[in-house]
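Undergrad: just to be clear, the model below is a prediction. Sequence and coordinates:
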Amino acid sequence: MTIPIQNVLIYGFGVMGRGVAKTFVAAGYNTTVKTRRPVPDVEHLPGVHMVLDLPAQAPDLVIELVAEEAAVKQAIYAEIEAAYPNTPVLLATGTSGLDLIQLAANLKRPECFLGLHYFMPADTSRVVEVMAGLDTPRELVDLLALVMGKTGKEPIRLYKPTVGFLLNRLQHAILHEAYYLIQEGVASAAEIDHAARRLLAPRMCLNGLIQQKDISGLKIHAEAQRSIVPSLFHSGVPAAVLQNLSASGETGLSAKKGFYDWSACDPAAVRSRSADSLEKLMKFLDEELPAPSPDTVPLARQF
């Protein structure tokens, strides 16, 4: 299946939608944004065509970026398929945690459906995940990944659907264990963050997650797995310590309290400083630190 991509429709104009629209305009795509209500002229983005109704001509790619509610998203998919019944529009849902298989349950063209996971801020964050639905051919994943590359992103390709994509699954696996250790009194949030900043994160920056284990040796790693994995927290339910904080309104920086006391901090300044530091780190990694062995390549294995 070949779908040339030039005309892009972004459905939703929240913070994420604005950021994504900027990347497509900058890359030279004909970019239209559909909103549910009129947007003041002062909020319009240069080069973006704003509409309240779906355009008569079918776009090549629709990126849905609305709230994380399955029913809302599915209603939009039905609207799009009804508007363009004779055109195979590539439809990408911007989600981070919903099940693509369930989202696609009522689609007439599930083979044209993919998941697209941007990270905030969408216009400057480099990584984006492109994931196949249950019926999506590999070539459409590759096509959308190519488009993402043209908009300045570094796409991660996932050829099978899985809830949470790749990065959220890895992140939540680590965090679920971290919350358990806090809950059990084994370590504090500060100790866990110190360990992450000073050892886990620097190693991952240099060698990734899997390559680092190749470097340090798989024999020792395999032995450690046999000892440690059975004792890890395998509850299958969200961590109580996190859920309780959220339910009590202690939701972190914005609320001035979460795992840390932020009462003396300016939230905007904290976020700005964090974003600036991350950009400096990424620049340093790009310019100063080459891969430990540029001659190595992943082995094509079937497990």
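TA: Looks like it arrived, so ask away. Residues are numbered from 1 along each chain as shown.

Undergrad: what residues are up against the closest residue in space to residue 289 that isn't next to it in sequence?
TA: Residue nearest to residue 289 in three dimensions, not counting chain neighbours: residue 206, with 6.5 Å by CB to CB, 6 or more residues apart in numbering. Yep, even glycine has a C-beta here, placed from its N, CA and C like the rest. Contacts for residue 206 (CB atoms under 8 Å, 6 or more residues apart in numbering) come out as 212, 289, 292.

Undergrad: quick one: the helices in the chain, in order.
TA: Along the chain, counting by DSSP state H, helices occupy 15-26, 70-83, 100-103, 138-150, 167-183, 189-195, 201-207, 210-216, 218-228, 240-247, 267-288.

Undergrad: rebuild those helices as TSV, extending it with mean pLDDT and distance to residue 3.
TA: What follows is the helices of the chain, written out as TSV (pLDDT from 0 to 100; distance: least, CB to CB, whole Å):
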stretch	mean pLDDT	distance to residue 3
helix 15-26	94	16
helix 70-83	96	14
helix 100-103	95	19
helix 138-150	97	7
helix 167-183	96	26
helix 189-195	98	44
helix 201-207	91	35
helix 210-216	93	33
helix 218-228	96	41
helix 240-247	96	41
helix 267-288	90	32
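
Undergrad: out of those helices, deepest packed?
TA: Ranked by mean neighbour count, those are led by helix 15-26 with a mean of 21 (mean count of other CB atoms under 10 Å).

Undergrad: that helix to helix 138-150, inter-axis angle?
TA: If you take axes from the mean of the first three to the mean of the last three CA atoms, to 10 degrees, helix 15-26 sits at 80 degrees to helix 138-150.

Undergrad: dump helix 15-26 to CSV, keeping only the CA atoms.
TA: Provided in CSV are the C-alpha atoms of helix 15-26 (Å, rounded to 0.1, in the frame of the first residue of the first chain):
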residue,chain,number,x,y,z
VAL,A,15,-0.7,22.1,23.4
MET,A,16,0.3,18.9,21.7
GLY,A,17,-1.6,19.8,18.5
ARG,A,18,0.1,23.2,18.3
GLY,A,19,3.5,21.7,18.6
VAL,A,20,2.9,19.0,16.0
ALA,A,21,1.5,21.5,13.6
LYS,A,22,4.6,23.6,13.8
THR,A,23,6.8,20.6,12.8
PHE,A,24,4.8,19.9,9.7
VAL,A,25,4.6,23.5,8.5
ALA,A,26,8.4,23.8,9.1
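
Undergrad: name the helices or strands packed onto it?
TA: Under the contact definition 3 or more CB pairs under 8 Å, 6 or more residues apart in numbering; DSSP states H and E, helix 15-26 sits against strand 7-11, strand 30-34.

Undergrad: roughly how far does the residue nearest to the spatial centre of the chain sit from residue 83?
TA: Closest residue to the average C-alpha location of the chain: residue 117 at 3.5 Å, with CA atoms, centre = their mean. Here the criterion is CB to CB, to the nearest Å. By it, residue 117 lies 25 Å from residue 83.

Undergrad: residue 245 now?
TA: From residue 245 to residue 83 the distance is 43 Å (CB to CB).

Undergrad: tell me who's in contact with residue 169.
TA: 162, 163 are the contacts of residue 169 under CB under 8 Å, 6+ apart.

Undergrad: my read is that residue 116 contacts residue 96, right?
TA: No: between residue 116 and residue 96 there is no contact under CB atoms under 8 Å: 10.1 Å.

Undergrad: give me the neighbour count for residue 93.
TA: 26 (other CB atoms under 10 Å).

Undergrad: my read: it touches residue 99, true?
TA: No: here residue 93 does not reach residue 99: they are 10.8 Å apart, not a contact under CB under 8 Å.

Undergrad: list the residues that contact residue 114.
TA: Taking CB under 8 Å, 6+ apart as the test, what residue 114 contacts is 90-93, 100, 130-133, 136, 140-141, 144.

Undergrad: how is this structure divided into domains?
TA: If you go by automatic domain parsing, the domain ranges for the chain are 7-158, 167-236, 249-291.

Undergrad: turn these into a markdown table, including distance to residue 302.
TA: As requested, the domains of the chain are arranged in a markdown table below (distance: least, CB to CB, whole Å):
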| stretch | distance to residue 302 |
| --- | --- |
| domain 7-158 | 16 |
| domain 167-236 | 16 |
| domain 249-291 | 25 |
